[in-house]
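Participant: Structure, please.
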Amino acid sequence: MKLYQLRAKQGLTMTKAEAWDFLSDPKNLKTITPEHMGFHILSGGQRKMFPGQIIQYKVSPFPGFTTKWVTEITHVKEGEYFVDEQRFGPYALWHHKHFISEVPGGVVMEDVIDYKIPMGILGQLAHPILVKGQLKKIFAHRESTLNRLFGALDGFNNSLELKSI
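Facilitator: Have a look, this model is predicted:
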């Protein structure tokens with residue numbers, strides 16, 4: 001079983017409370033997801049995140065392929081972090097931790113995603129060709145959108161790393 005990990009860090013000129021308000025509202029996922037992915041919340045996104053919350057989405061990660069994605073918010077520490085885990089969707093495993101840290105002049109948002117591609121060796125072969133590039137595009141879009149909405153933190157080097165673990 002091959003596992004992969006994505007780690008992203010982004011510095012923004014906003015308060016920790018503003019960051020939490022934005023990130024803990026499921027409706028804002030559409031704002032930070034590339035439009036071509038056709039992201040749409042089907043149910044469960046009416047309230048701020050809470051442990052046990054089930055959110056159903058429709059998403060098209062690749063042209064011609066649309067899927068439902070069901071996640072559960074498994075952990076929440078108000079203002080600090082939350083965790084979403086896929087219950088049904090395109091990955092064999094998806095465990096996504098979202099952290100917010102206060103720094104001088106703003107916040108650092110950190111994402112750590114541990115994931116596994118389905119279909120065994122075929123999935124592993126598809127990872128560098130399809131999945132890895134798509135995840136990089138999604139996070140580049142997210143970084144650009146958040147910088148436009150809230151402002152980039154001066155002197156902070158945003159980072160994105162994808163690796164096998």
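
Participant: what about Q53, how many residues close to it?
Facilitator: Q53 has 19 neighbours, counted by other Cβ atoms under 10 Å. No exception for glycine: its C-beta is placed from N, CA and C like everyone else's.

Participant: what does I117 give?
Facilitator: 21.

Participant: From P61, how far off is it?
Facilitator: Using Cβ to Cβ, to the nearest Å, one gets 12 Å for the distance from I117 to P61.

Participant: and if you look at I73?
Facilitator: I73 sits at a distance of 21 Å from P61 (criterion: Cβ to Cβ).

Participant: Could I get the buried residue list for the longest strand along the chain?
Facilitator: Scanning the chain for the longest strand, with DSSP state E as the assignment, gives strand 65-77. By neighbour count, and taking 16 or more other Cβ atoms under 10 Å as the criterion, the buried residues in strand 65-77 are W69, V70, T71, E72, I73, T74, V76.

Participant: helices or strands up against that strand?
Facilitator: Under the contact definition 3 or more Cβ pairs under 8 Å, 6 or more residues apart in numbering; DSSP states H and E, strand 65-77 sits against strand 54-62, strand 81-88.
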